[in-house]
Structures are given as structure tokens and as C-alpha cells.
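Novice: Attaching a predicted model along with its sequence, questions to come.
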Amino acid sequence: MSLEGAREAAREVLKAHGVTSAPVPVERIARKLGVRVQYAPLDNDLSGMAHIRDGVVIVGVNLLHAPNRQRFTLAHELGHVVLHRAILEDNVHVDRVLLRDRDSSAGLYREEIEANAFASELLMPTEFLDAILGGRQVVLDDDEEISTLAKKFRVSESAMRFRFFR
């Protein structure tokens, strides 16, 4: 799958669930997709995991991480559920913060890159950003604007900055 294919899959999920404004209700979407979300304290470097057991999709999210980080982790794991379901059938797919951030941004794991693209589009849809920005470019050094956007979408400032590098 291409990165644009991953983003398009996220847009289809938003459309199917009638999401028209930020912040995106990612937990509600997960429930409607039949995903059981479990929050638990995990090792600090473990952000989330996903697997399918007896036909039930289960996503685990690290309760010790910041709420915005948890939202991104859930969206990322939903990306795996939507895009890579087959890898969840036989294995527990584990996402570590270091590996997801470093290796996926370095292009080492295609599935991680696709799940990040899905999560970014799900939580910060292009259509919503374009409507807010009215066609103007964001100045990435403008901490106040990035902070305002991040709060509106309930994501971290680093996720918001990264979103504009698409």
C-alpha cells in the first residue's frame, strides 16, 4: 500500500463514521469498528499493541503516556487494524516508542510508516486543516499557532509539526 492509500483509508473511516470536525473521536471510531481498547500501564518504551484473539480485535494503549500520545497510539494501532489485519491474526503486534518514532521516520518498516500516515490523517484530516487554515501555509516556527492547532485536534505539538511534512 502507498502512503496516499493509507491516508485515503483514514478518510474513508472518517466518512463512514460521520466525523465532520475536530477533535476526531478516535475511541468511538474504534468501538464502532468492533475494536476492544484496553488501557494499561506498560513499560515506558511500549506505546501500544494490537492483535486478534478468537476473532476479537484488541488494542492495548499505554495508560502511563500523555493523553494526546494515547490518542495517537490508538489511531496508529487502528491503522494496523484497517491496513494490516493479516499481521494481527497470528501475532501480537507491538509498537515501541523508540522504534515507531525512529525507524518509521527513517523508512525502515513500511507497515509503521503506513500506520503513522493513517493515524496522522485520521486525527488531523487534511480537509479539516485546510478549512481552518483557509489555504495559507503554517509557519512551523510559530509555536503559538502550532500549539493552538494541536489543542484543537487534541494531538501533541510534535505530531502537529510532523503532519505538515507530509
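Specialist: Cool, the structure landed. No experiment lies behind these values; they were computed from the predicted model shown.
Novice: tell me which strands and helices the host helix or strand of Ala9 is in contact with?
Specialist: Using DSSP states H and E, Ala9 maps to helix 3-16. Applying 3 or more C-beta pairs under 8 Å, 6 or more residues apart in numbering; DSSP states H and E, one finds that helix 3-16 contacts helix 67-83, helix 110-123, helix 126-133. In this view, the C-beta of every residue, glycine as well, is placed from N, C-alpha and C.
Novice: Let's see that with 7 Å instead.
Specialist: Helix 3-16 sits against helix 67-83, helix 110-123, with contacts defined as 3 or more C-beta pairs under 7 Å, 6 or more residues apart in numbering; DSSP states H and E.
Novice: Put the alpha carbons of whichever helix or strand comes after the first one into PDB.
Specialist: It refers to helix 67-83. Of the helices and strands lying after helix 67-83 in sequence (DSSP H and E), the nearest is helix 85-90. The C-alpha trace of helix 85-90 is given here as PDB (Å, rounded to 0.1, in the frame of the first residue of the first chain):
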ATOM      1  CA  ARG A  85      -5.200  -7.000   9.500                       C
ATOM      2  CA  ALA A  86      -3.400 -10.200   8.400                       C
ATOM      3  CA  ILE A  87      -0.300  -9.500  10.500                       C
ATOM      4  CA  LEU A  88      -2.600  -9.300  13.600                       C
ATOM      5  CA  GLU A  89      -4.100 -12.700  13.000                       C
ATOM      6  CA  ASP A  90      -1.100 -14.800  14.100                       C
END
